[in-house]
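> Show me how the following folds:
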Amino acid sequence: MKFFQLPNPVALREMRQMVRNKFVSVGLILYLFAQLAAVMLTVLAETDSHTGALSLVGKGIGQEVAHTVVVILSIMMLGAVPLFTGIRMTLEKSADNMDLQFATTLRPVQFADGKLFSSLVLFMLFTSSTLPFMMLAYILRGLDLNATLLSVGVMTVFALTIFQIAVFIGAMNAHKAFRIIFLIVAVSAAAGISISFITDIFETYGPGMEWFDYAYMTVIAASMCLILRGASAAQLAPPHTDGHRLLRRTTALAWAICGATAIIIAVAKSDNEYVWWWWGVMCVVLHFILFGAVSSQPGCERRVVARAKTRWSLRFLFATGAENGVCFALVFFILTGIITFISLKKPDHEDIAVILFTFCYPAAYFITTRLIWHAGLRRVSNRKYVGLFALLLMALGSVIPYLLTIGNDSATPDKWFGNIYGALDSFDYSHKFHIIHYHMIASAVWFTVAFLAYLPFVTRTIRHSRKPQQ
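Numbering: from 1, shown residues only. All right, here's what the predicted structure looks like:
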């Protein structure tokens, strides 16, 4: 994998457009005015409690000024710039601009890298323009340099992740209006969480966590950027190519990096929390891949198979196709579960139950919905909606039991088959061990039966995935 090949044509085009675009220059001027006004208001607010300018300098209000500057910079970098990047990506990938996918010799990953690189240029531009205000905060004294540098570093990590999220949403194969709405919601939520975390660093005047936590957070963010990079390239790739190969490769690489880091830190600190964080992150990623797999076309193109250079067994897991993606997600799910269970110290039945619930139930929903589509819905419904149907069934399976048992105090909706919320909610009560055991057996049996029913499609795809003889 080659990252950020320079000169990247897309990055060069983006930077030329930024130079000519008045939106960036006007935004920079307005940002500087906002910083100046916020710093002046902060200084005036602190002046009320002091008698003069000299005493104001001696009292040390630099921390308050730096806090204001970093918060405004975070709003700009974590909110405005990702929205600008994502909306530009959304407008470029539309029915009116089909040359983005078909009439170009550029690889899809170059578009994702170019958009991310242009966002980094904007990040450096706005961050460098903040240096005079940070210098003022240093002159006013009272500045905690460690907390300030840590907050800027955390903001940089969050900004890179949100930039990649914006590029991915803009590259999604969905309606333009849906992508814009989803982009605004996702970026706003991520920016709000990130800014609150950065504010906590200033309020505690230093790191509120150990350096292990910050290191692992950085590793997770870098891994998510790798995965989203591959996902963006997969969304931009034409349908007749092996576009999901990069996504599977980056997911495997991120899986290995996050897992090794989590195990090393867990052994060093004798804490299972980092292993569980790895399991949670990989659950989200692998279910996302499973969601995309059940919504994909079956098998891979024959000319892609004929041009392959690797053995068919390795190529099958990493190739584009519904069955390939399902097997890839299940293999890495099983490996993650085994490694998580082995890494835990003194695991009990609740640990096994968590692994089974978060893996078997959603996977069974996805595979069962794909089987229903194969059985009869393929004539009346597009395969692109299979994943959405599975999510709808998950929601109904966790809501309908409680609606049907309203007013019946003797009913146990938590024990209904397929109730994911009830299965996870049973951990909060010590007297519901029978519900935990029931869902352990039910989820495992349902997943096994669903996969065995789906196995003929997998074996047929394996036979077609073998490279033909010369």
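> Report pLDDT for Ser74.
Ser74 carries a pLDDT score of 92 in this model.
> Test my guess that it contacts Phe197.
No: at 9.7 Å, Ser74 does not count as touching Phe197 under the criterion of Cβ atoms under 8 Å. Every residue, glycine included, has its C-beta placed from N, CA and C.
> Those two: who's more crowded?
Ser74 (23 against 16; other Cβ atoms under 10 Å).
> Export only the CA atoms of the helix or strand the more buried one falls within, formatted as CSV.
Assessed by DSSP states H and E, Ser74 sits inside helix 62-75. Extracted in CSV, the C-alpha atoms of helix 62-75 (Å, rounded to 0.1, in the frame of the first residue of the first chain):
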residue,chain,number,x,y,z
GLY,A,62,-2.9,32.6,30.0
GLN,A,63,-4.6,29.2,30.6
GLU,A,64,-8.1,30.8,30.1
VAL,A,65,-7.0,32.5,26.9
ALA,A,66,-5.4,29.3,25.5
HIS,A,67,-8.5,27.4,26.4
THR,A,68,-10.7,29.8,24.3
VAL,A,69,-8.3,29.7,21.4
VAL,A,70,-8.1,25.9,21.3
VAL,A,71,-11.9,25.6,21.6
ILE,A,72,-12.5,27.9,18.6
LEU,A,73,-9.8,26.1,16.6
SER,A,74,-11.4,22.8,17.4
ILE,A,75,-14.8,24.0,16.3
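> elements contacting it?
helix 22-47, helix 131-139, helix 145-171, helix 176-203 (3 or more Cβ pairs under 8 Å, 6 or more residues apart in numbering; DSSP states H and E).
> list the buried ones in that helix?
By 16 or more other Cβ atoms under 10 Å, the buried positions in helix 62-75 come out as 62-74.
> before we move on, what about stretch 398-410?
Buried-residue list, stretch 398-410, by 16+ other Cβ under 10 Å: Ser398, Pro401.
> same question, stretch 11-27
Those buried within stretch 11-27 under the rule 16+ other Cβ under 10 Å are Ala11, Glu14, Met15, Met18, Val24, Gly27.
> repeat for stretch 267-276
Buried residues in stretch 267-276 (16+ other Cβ under 10 Å): Asn272, Tyr274, Val275, Trp276.
> Contact partners for the third one?
To tie it back to what came earlier, the one meant is Val275. By Cβ atoms under 8 Å, 6 or more residues apart in numbering, the residues touching Val275 are Ala262, Ile263, Ala266, Thr340, Ser343, Leu344.
> wait, the third one sits on Ile339?
Same thing as Ala266. No: with contact defined as Cβ under 8 Å, Ala266 and Ile339 do not form a contacting pair (11.2 Å).
> ok, these two, which is more surrounded?
Ala266 (22 against 18).
> quick one: that one from Ala221, how far?
Per Cβ to Cβ, to the nearest Å, Ala266 is found 19 Å from Ala221.
> Same question for Leu28.
For Leu28 relative to Ala221 (Cβ to Cβ), the value is 26 Å.
> The two - which one has more neighbours?
A direct count of neighbours by other Cβ under 10 Å for Leu28 and Ala221 places Ala221 higher, at 19 against 15.
> Can you check what angle separates the host helix or strand of the more buried one from helix 145-171?
Applying DSSP H and E as the criterion places Ala221 in helix 211-236. Relative orientation of helix 211-236 versus helix 145-171 (axes from the mean of the first three to the mean of the last three Cα atoms, to 10 degrees): 20 degrees.
> next SSE after helix 211-236?
Following helix 211-236 in sequence, per DSSP H and E, is helix 245-269.
> low-confidence ranges in this protein?
1-7, 47-60, 94-104, 205-209, 239, 299-314, 347, 409, 428-432, 465-470 (pLDDT under 70).
> counting contacts, what elements does the helix ranked longest in it pack onto?
Longest helix of the chain, by residue count under DSSP state H: helix 433-465. When contacts are defined as 3+ Cβ pairs under 8 Å, 6+ apart, helix 433-465 sits against helix 302-306, helix 312-318, helix 322-343, helix 349-375, helix 420-425.
> Quick check: next helix or strand after the fourth one?
When you say that, I think you mean helix 349-375. Next in sequence after helix 349-375, counting helices and strands by DSSP H and E, comes helix 386-404.
> who's in contact with that next one?
With contacts defined as Cβ under 8 Å, 6+ apart, helix 386-404 is touched by 291-292, 294-295, 361-362, 365-366, 368-370, 373, 381, 413-414, 416, 418-422.
> buried subset of those residues?
291-292, 294-295, 361-362, 365-366, 368-370, 373, 413-414, 416, 418-422.
> Compute the number of surrounding residues for Leu424.
Leu424: 18 neighbours (other Cβ under 10 Å).
> Make TSV from the contacts of Val275 and add distance to Ile334 to it.
TSV is the format used below for the contacts of Val275 (distance: Cβ to Cβ, whole Å):
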residue	distance to Ile334
Ala262	17
Ile263	17
Ala266	20
Thr340	11
Ser343	15
Leu344	16
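> Pull the contacting residues for Ala293.
Ala293 neighbours (Cβ under 8 Å, 6+ apart): Gly321, Ala322, Glu323, Asn324, Gly325, Val326, Phe328, Ala329, Phe366.
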